[in-house]
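Novice: Structure, please.
(one chain, ligands or ions: 2)
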Amino acid sequence: MTSGSKPDPLPTASHRVSLSNGTDFDVGPGQTLLQAALAAGLDWPNGCRVGLCGSCRCRVTGGKIRALTDFADVISPQDLAQGHVLACRCQLQGPISVQSDHLFDGLTPDEADIDATVTRVKRITPLVMQLDVLLDRPQPRGYSGGQYARLEIPGAVPARCFSFAGACRGDGRLRFFVRIFPGGRLGEWLTDADRVGERLRVSRPLGHFVLRDPIRPALFFAGGTGLAPVLAMLEELASRPAMEQPPVRVVFAARDQQHLFHRHFLEPVVDRWAFGTPIDFISVLSREPRPSSWKGLRGYFYDHLPTLTTGFEQADVYLCGPPGLVDAMQLYLLKQGFDKTRLSADRFLPSF
Ligand SMILES: Cc1cc2nc3c(=O)[nH]c(=O)nc-3n(C[C@H](O)[C@H](O)[C@H](O)COP(=O)(O)OP(=O)(O)OC[C@H]3O[C@@H](n4cnc5c(N)ncnc54)[C@H](O)[C@@H]3O)c2cc1C
Ligand code: FES
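Specialist: Ligands and ions are numbered 1, 2, ... in the order given. Here you go, the predicted model:
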């Protein structure tokens, strides 16, 4: 199919993939091309596994695939026309041929996953766990605030994406905020036993949701654990010289006061901020009971857009958290006249 057109019917049979290097493997009806390649023992490159990073892309030279998402955010129109696809987001409608030149050139040793140990697990709201880990060796090139890693608990939880919840200190100490979903494998693993001392695997830093250059006034909208990349970016800004610290507003969405956890993590950053350019915090609660002690805003971000954006009309805008919230905000901000090229978004999509 053409990416972006009406989805084709769900595949109902296994189909064969023939790589140009002579390797063959089968893709089952519910599998993505990437899942099948990994299950077949191939060292297929991958990063996010949800269609964001482009690491798994390949060129289909014959046959029909079913795209699970629009590839156009990651693959240029010219490359799409030549059959480039994201292996993590396509299933097969029949046998296909794939150009495999350079596909398996391999990761450099620097890009390999790093083993790590859980050093702390703490519940910070009824639905969010703080997970601290220590890498066996620090990431060779560090990471930029806003990036994420794939975390895997070998033998227990397959790889999932989580944003670094703090700037890179280069000492191998990392923090993540993990939202608990009913039936969520990582959430359950974290909560059903004491996990301090357990081993896990952390990927190289991934993603392009990072501070724009040059630094300008910045407006951050975070929902729930979407605070993680914002915290990392703010810590990064706080470590810059005072002259380079822009005016910043952070708007945080939570369901009620029990789920507000940003202050505890953001206040130490504010203390390091330059005098005269304070960070402005606003929280918006969607399900705070009435009556209650809450004096702040109620509802959703988009119910209060003029209040939340005043003074930041020319700012760089960073949106992160659940996909529904990010998409809705993007739409409302564009309608309000915000410049599309100044909006950056990080959608916390479920893992496959
Ligand atoms: C780039 C990126 C960065 C991310 N950063 C974070 C982060 O910092 N913190 C964080 O908590 N999450 C983050 N996520 C989302 C996280 O990777 C997924 O939610 C992941 O599936 C959770 O794993 P789990 O093992 O807890 O649940 P799973 O076992 O994967 O899922 C269990 C159940 O919960 C549902 N579910 C899982 N995730 C979601 C979701 N996001 N929305 C709706 N339903 C869901 C599933 O459909 C399933 O029914 C990020 C995702 C991406 C793509
Ligand atoms: S692994 Fe497929 S796009 Fe990231």
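
Novice: Now do the SS call for L231.
Specialist: Per DSSP: H, G, I helix; E, B strand; the rest coil, the secondary structure class of L231 is helix.

Novice: thought it was touching H264?
Specialist: No - applying Cβ atoms under 8 Å as the test, L231 and H264 come out as separate, 10.6 Å apart. From N, CA and C alone the C-beta is placed, and that goes for glycine too.

Novice: Contact residues of the protein facing ligand 1?
Specialist: Listed as neighbours of ligand 1 in the chain under the rule Cβ under 6 Å from any ligand atom: 48, 50, 52, 148, 157, 160-163, 176-179, 181, 183-187, 207, 225, 228, 322, 346, 348-351.

Novice: quick one on the thing from earlier: L231 and H264: who's more crowded?
Specialist: Taking neighbours as other Cβ atoms under 10 Å, L231 and H264 compare with L231 leading, 27 against 10.

Novice: what about that one, distance to ligand 2?
Specialist: Distance of L231 to ligand 2, given as Cβ to the nearest ligand atom, to the nearest Å: 23 Å.

Novice: cool, and L227?
Specialist: Between L227 and ligand 2 the computed distance is 23 Å (Cβ to the nearest ligand atom).

Novice: who's in contact with that residue?
Specialist: Residues in contact with L227 (Cβ atoms under 8 Å, 6 or more residues apart in numbering) are A165, F177, F252, F261, H262, F265.

Novice: can you map out the helices along the stretch 1-150 of the chain?
Specialist: 33-39, 77-81 (DSSP state H, counting those that start in this stretch).

Novice: want to throw the ones you listed into CSV with mean neighbour count?
Specialist: Listed next are the helices of the stretch 1-150 of the chain as CSV, based on neighbours: other Cβ atoms under 10 Å:
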stretch, mean neighbour count
helix 33-39, 21
helix 77-81, 12
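
Novice: so which of those helices comes closest to R201?
Specialist: The closest of the helices of the stretch 1-150 of the chain to R201 is helix 33-39. By Cβ to Cβ, the value is 14.2 Å.

Novice: Going by contacts, tell me the helices and strands next to the closest one.
Specialist: strand 15-19, strand 24-27, strand 90-92 (3 or more Cβ pairs under 8 Å, 6 or more residues apart in numbering; DSSP states H and E).

Novice: now do 7 Å
Specialist: Helices and strands touching helix 33-39, by 3 or more Cβ pairs under 7 Å, 6 or more residues apart in numbering; DSSP states H and E, are strand 24-27.

Novice: Give the pairing partners of the strand it packs on; include direction for each.
Specialist: strand 15-19 (antiparallel) (DSSP bridges).

Novice: Can you give the contact residues for the strand it pairs with?
Specialist: D24, F25, D26, V27, L33, L92, G94, P95, I96, S97, V98, S100 (Cβ atoms under 7 Å, 6 or more residues apart in numbering).
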